[in-house]
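In: sequence and predicted structure, then a few things I'm wondering about:
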Amino acid sequence: MHVIVCIKQVPDSAQIRVHPVTNTIMRQGVPTIINPYDLFALEEALKLKDRFGAKVTVITMGPPMADQALRKALTFGCDDAILLSDRVFAGADTLATSYALASAIAKIGETQPFDLVFCGKQTIDGDTAQVGPGIAKRLGLNQLTYVWKIESLDINAREIVVQRRAEGGVQTLKTALPALITMLEDTNEIRFGTMDDAFRAARTELTLWNAAAAGVTDPSKCGLKGSPTQVKKVFAPPPRAVKATQIKGDSPAANAEHVIDALFSAHPGMQDDLRARTTQNP
Amino acid sequence: MTEQAKPASSRAKQDEALLAYKGVWVSIELERGHVHPVSWELIGKGRQLADTLGVPLSGILLAPPDAPIQETVADAHAYGADTVYVMADPILAEYRTQPYAKGMVDLIKKYQPEILLIGATTLGRDLASAVATDMETGLTADCTELDIDLSTRSMAATRPTFGGTLLCTIHTLKARPQMATVRPRVMPMPEHQQGRTGETIMAKLEIAEDDIITKVLSFIPDRDQDTAQLAFADYIVAGGRGLGKLENFQLLRDLADVLGAEIGCTRPIVQAGGMTIDHQIGQTGKTIRPKLYIAAGISGAIQHRVGVEGADCIIAINADPNAPIFDFAHYGIVGDALTILPALTDAFRRRLAAGQAGR
Amino acid sequence: MSEKFDAIVVGAGPAGNAAAIVMARAGMNVLLLERGEYPGSKNVMGAILYSNALEKIIPDFRESAPLERHIVEQRVWMLSEKGHVGGSFRSDEFNVEKPDRYAIIRVAFDRWFSNKAKEAGALLICDTVAKSLLQDDQGRVIGVKTDREGGDIYADVVVLADGVNSMLARQAGFRAELDPANTALVAKEMHFLPPDVIQSRFNIGEKDGVAIEMVGSLTKGKIGMGFLYTNKESIALGIGCMVGDFQEGGLTPYGLIDDLKAHPSIKPLLAGSEVKEYSAHLIPEGGYKAVPKIFGDGWVLVGDSAGLVNSIHREGSNMAMTSGRLAAETIRTLKAEGKPFSAANLSAYRKALDETYVIKDLKKYEGMPGFLHGNRQIFSLYPELMAGAAATMLKVDGVDKKTKEREIFKTFRQSRGLFGLLGDAIKFARAFR
Amino acid sequence: MSKVEEKLFQNRYLVDEHHPHIAIKHPDRTRGDEALLQCTFCCPAGCYTKTEEGDIELTTDGCVECGTCRIICQGKDNLIWEYPRGGFGVSFKFG
């Protein structure tokens, strides 16, 4: 069994601050990390390695320094790591990214057929959740997004049953391999690799592919040229200084009445919405 | 943004192809007989964008035949849609990517809208990325603002980036339709103009069940879920160290029951074993975006604030008048949460008792 | 299958990197273990780099090392309640082709330094904590146990460069726990400002930097020292006291640094800055007397882990690099001669260290810790007296200078008494001799 | 006390959810423990807090791993002090 996991090296956005006075974006000292959502995909793939002895290949598209993210992924126990790096890819939006990754994954499939591709739900810098589905579409993989749990996996019958988060509930789906799974957050916790994993990560030769090596046939579909969307400007949101309106009441009961009056007048639909919810389950 | 210098002819040819795309479309999400409100919010926004561009606004509805289609189409017209494209087929009973994407892409290729808005629900996100890849067009997710740049007639989509610390404005210049998903409760609800009518165009779903590999085995609605769904909950009541002993959290549960709300807490409560980690709200816990968030006995340190700022309305109860939470809550009650919570519970129970008209 | 190396270095700070580079260059099979996510992620320092120690390891370090500013002005302030009195040494001497001191940012520097170790051939592994030493039945160190599964790693010699807390050496009973009376706790903040604002406030050019060392009443009679160093687009501000003083209460570390930030001499320098990091670190200040045994069967102790810090002159990282280098050179020689890494053979490391400034300087100030304890007034009284004296002398109010001098002498005598003043002067001189 | 929380918010932490690296050995016997009481005003990250009843509680989330509490409590057998698991805990951006 062979599983491919796509990861992305992103700036640790929790560390990006907006200067309170000048409202400029302060990026100093912001380290790069593996996109946190991808860690749930990595752990799920490694569980398949534990259960079925699956080979886990991790791939990322990015600048040369994205190799650090791959090395970190190896320390969790992945077997192989491929860095997709080429100037042609620079500035790619999600569509162009999914094209490049899909080409590379197809290239991997030529020599080592794969059963599953894992992606994180989204990235914390792009937040668009489109690369996974984009790859699935291009490679004709069955797309299973927001997966909560893999219920069963039958390699011989080429079948997988997953639970995924749907609108207002959880859906159980059955589909055929090969499939692409994007994992929901908080579904598992990334493991702490063994010492052998750490040594292998430090010593493994990373496979470096440029566009040609990755089997990209149409460079115009990559990078900025291949990106229909273009970021016009990045700016800091206007500071939201809302001071609480203090509810003045001489007793807890009076306070309660006043705040509910204020609440329902500010949010007209809320009383009916609440009433509808609570009468459903008395 | 100056147009990249391209040989005039190929750009002209390309512009012409783009010009063929006309009109604003909004995906109407009808699942299990219920239209997700974000669809109407987007019809309202779509109407605005269509009027700015001087083009028609259309809804697009994919649903099983036994769904309340007529009723939904009528509502769509009432909220402002000029036309509604309907694709009714039993295959569409439970959402699956393949049939829904196929249906939508066929309609897009046939009627060529220039803008397509989809609600950023789990269904909408899954569907939008599949459609965008098929159409090889641009998709901007979770937008907070949508405007038209009349100089290029292209849509300016503004969305949060880097985890919400920053915003960015994105254009889709050389691909159509310009796609965008928008989160629920971001755009205002439009007015329901009773009696407003419009056109309805039926279309056939060109895919058979046996062409579809993925099967839906079951669906369990959220209400029966045991684990806290804080990230998706509309109403949340949370407590912090200010409530004192863990037994006092029962007051929180009483209020939550009356409101049908989820219960949350701050980091120290999880550490003290008061609640499990999936109830924790804040920087190292969940980020919540409820309609109403009631915080009792929570000081509101920055680590908590970053997790709750997305709430529509925050009511804070704290004994300390200058607790930081009063700097970002909408309503504040300075007092002892142990007496105010029961008062709130009774007041809400009376107000929400069935049939009791608003005071 | 457990791994075997010629040498394991624990800690990728200045001492560890220095040792790893020297041994790796000698062709030894070296493992460099770092518990943090990347080298520097667990290290905190005021952050002035003195070039001499590093030049002996990487002579052309200036070409590639991430250096913030080279220091062109060194100021020494005694802070009083309302201001400061002090001197500053600024001269073109600093603007030589190879400046001797730079302000650096430790995370950037340590990552660079560890890359040099990797280039030399050392194997760097982060995210891994060395939990304890592996010893044979004679107590000889034969490797380390890490916090990863299957984490026993063997080596002929282990270089303990794990910093001031020196967990491994203490656990193995090679050295004692730190003494709160002789260990300083320093709180530090990184304040970000646009480069041109820093340059205008300190009257320096693009590459130049200012270092301010402070001592004073701000620490409310506790033995406390502060610093302010200018980086390219940030200012490192820190202040601390002995842990023993904090134990007496009345002053938290974050309260202390907030007081410093509000001090009239400091506040204007930081106006409009954005704090991007708050950290704290221990500094071993026991001096010569507190330096433990730094070698044994199969192990050596280098850097802060060996307490090699001369706090009077704010020297720590250079001593770490020198001790790391000397330990590695001793090991390299023994390896070449095929000799075992016994305590006797490794004692050559200590002998080499004795000949350098490291031990000589520590010996010179051997009495200083004791002096500072016994004479708290250094930190509370004298700064006030000196500031008062300066204010009196400089105020042009018609009072003749002679009367002013008598007045100043009267205030000194009143507070310390004639013999007190003499005693302080003698003890101070002796401690500095 | 709130002052230190603003400072800690600036730092980068990889909190190791289920493995706090420092623990009070006898949580039921902290009242009157002089050393632990000193930690409440010596710890630079304010990890130690005294409750109204006088017990000392420890939250290691904001710990900067300086070691001050360990050397204050040395010899009192009231504290277990270790480094967080590899890569976890505070991760300085500048140091």
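Out: Good, I have the coordinates. Being a predicted model, the structure only gives us computed values, none of them experimental. Residues are numbered from 1 along each chain as shown, chains lettered A, B, ... in the order given.

In: contacts only, for C:Tyr154.
Out: C:2-5, C:134, C:142-143 (Cβ atoms under 8 Å, 6 or more residues apart in numbering or on different chains). Using the backbone N, CA and C atoms, a C-beta is placed for each residue, glycine as well.

In: could you check how far the closest residue to it other than its chain neighbours is from C:Arg413?
Out: Spatial nearest neighbour of C:Tyr154, excluding adjacent residues (Cβ to Cβ, 6 or more residues apart in numbering or on different chains): C:Gly143 at 3.7 Å. Note on C:Gly143: its distance to C:Arg413, by Cβ to Cβ, to the nearest Å, is 64 Å.

In: same deal with C:Ser114?
Out: Distance, C:Ser114 to C:Arg413, by Cβ to Cβ: 56 Å.

In: with neighbour numbers in mind, choose between these two.
Out: The residue with more neighbours, out of C:Ser114 and C:Arg413, is C:Ser114; 24 against 12, by other Cβ atoms under 10 Å in any protein chain shown.

In: work out for me the element that one sits within.
Out: helix C:106-120 (DSSP states H and E).

In: give me every residue that touches B:Gly164.
Out: Going by Cβ under 8 Å, 6+ apart, B:Gly164 touches B:Gly310.

In: OK, contacts around the residue of chain D most remote from its centre?
Out: Farthest-out residue of chain D from its mean C-alpha position, per Cα atoms, centre = their mean: D:Phe94, at 21.6 Å. Residues near D:Phe94 by Cβ under 8 Å, 6+ apart: A:29, C:105-108, C:190, C:234, C:236, C:276-277.

In: tell me who's in contact with the spatially most central residue of chain C.
Out: Nearest to the geometric centre of chain C sits C:Gly316, at 3.5 Å (Cα atoms, centre = their mean). The contact partners of C:Gly316, by Cβ under 8 Å, 6+ apart, come to C:45, C:283, C:304, C:308-310.

In: let's see it at 7 Å
Out: By Cβ atoms under 7 Å, 6 or more residues apart in numbering or on different chains, the residues touching C:Gly316 are C:283, C:304, C:309.

In: by neighbours, which of the contacts of D:Phe94 wins?
Out: In terms of neighbours by other Cβ under 10 Å, the contacts of D:Phe94 top out with C:Ala236 at 28 neighbours.

In: circling back: could I get the phi/psi values of the residue farthest from the centre of chain D?
Out: phi -120, psi -50 (degrees, to the nearest 10).

In: re the thing from before, and of the contacts of D:Phe94, the nearest to C:Gly370?
Out: Distance to C:Gly370 across those (Cβ to Cβ) is lowest for C:Ala236, with 29.7 Å.

In: distance of the closest one relative to C:Glu274?
Out: Counting by Cβ to Cβ - C:Ala236 and C:Glu274 are separated by 14 Å.

In: leaving out chain neighbours, which residue sits closest to the residue in chain D that chain A sits nearest to?
Out: Of all residues in chain D, the one sitting closest to chain A is D:Lys93 (3.5 Å; Cβ to the nearest Cβ). Excluding the flanking residues, the one nearest D:Lys93 by Cβ to Cβ, 6+ apart is A:Gly29, at 3.5 Å.

In: the one you found - that's part of a helix, no?
Out: No. Checked against DSSP: H, G, I helix; E, B strand; the rest coil, A:Gly29 lies outside a helix; its state is coil.

In: which intervals of the chain have sub-threshold pLDDT?
Out: All of this is about chain A. A:19-24, A:126-127, A:239-242, A:278-282 (pLDDT under 70).

In: if you could check chain D rather than the one you did, that'd help
Out: Across chain D, the ranges flagged by pLDDT under 70 are D:1-2.

In: which residues of it lie near chain C?
Out: Within chain D, the positions near chain C by Cβ under 7 Å from any Cβ of the partner chain are D:3-4, D:7-8, D:10-11, D:38, D:41-42, D:44, D:64-68, D:71-72, D:74, D:83, D:85-87, D:91-95.

In: out of the residues you listed, which are buried?
Out: D:4, D:7-8, D:10-11, D:38, D:41-42, D:44, D:64-68, D:71-72, D:74, D:83, D:85-87, D:91-95 (16 or more other Cβ atoms under 10 Å in any protein chain shown).

In: show me those that map onto helices.
Out: Among those, the members falling in helices are D:4, D:7-8, D:10, D:38, D:41-42, D:68, D:71-72 (criterion: DSSP state H).

In: ranges for the strands of the stretch 101-250 of chain C?
Out: C:101-103, C:123-125, C:130-135, C:141-146, C:152-160, C:183-192, C:208-216, C:224-230, C:234-242 (DSSP state E, counting those that start in this stretch).

In: make TSV from those strands and add mean pLDDT to it.
Out: Formatted as TSV, the strands of the stretch 101-250 of chain C follow (pLDDT from 0 to 100):
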stretch	mean pLDDT
strand C:101-103	93
strand C:123-125	97
strand C:130-135	97
strand C:141-146	97
strand C:152-160	97
strand C:183-192	95
strand C:208-216	89
strand C:224-230	89
strand C:234-242	94
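
In: so which of those is nearest C:Thr330?
Out: Across the strands of the stretch 101-250 of chain C, C:Thr330 has its closest neighbour in strand C:152-160 (9.6 Å, Cβ to Cβ).

In: now the closest one: buried residues?
Out: By 16+ other Cβ under 10 Å, the buried positions in strand C:152-160 come out as C:153, C:155-160.

In: got a list of what the closest residue to chain A within the stretch 201-350 of chain B touches?
Out: Minimum separation of the stretch 201-350 of chain B from chain A (Cβ to the nearest Cβ) falls at B:Gly332, amounting to 3.4 Å. Contacts here follow Cβ under 7 Å, 6+ apart; on that basis B:Gly332 touches A:244, A:246-247, B:316, B:326.
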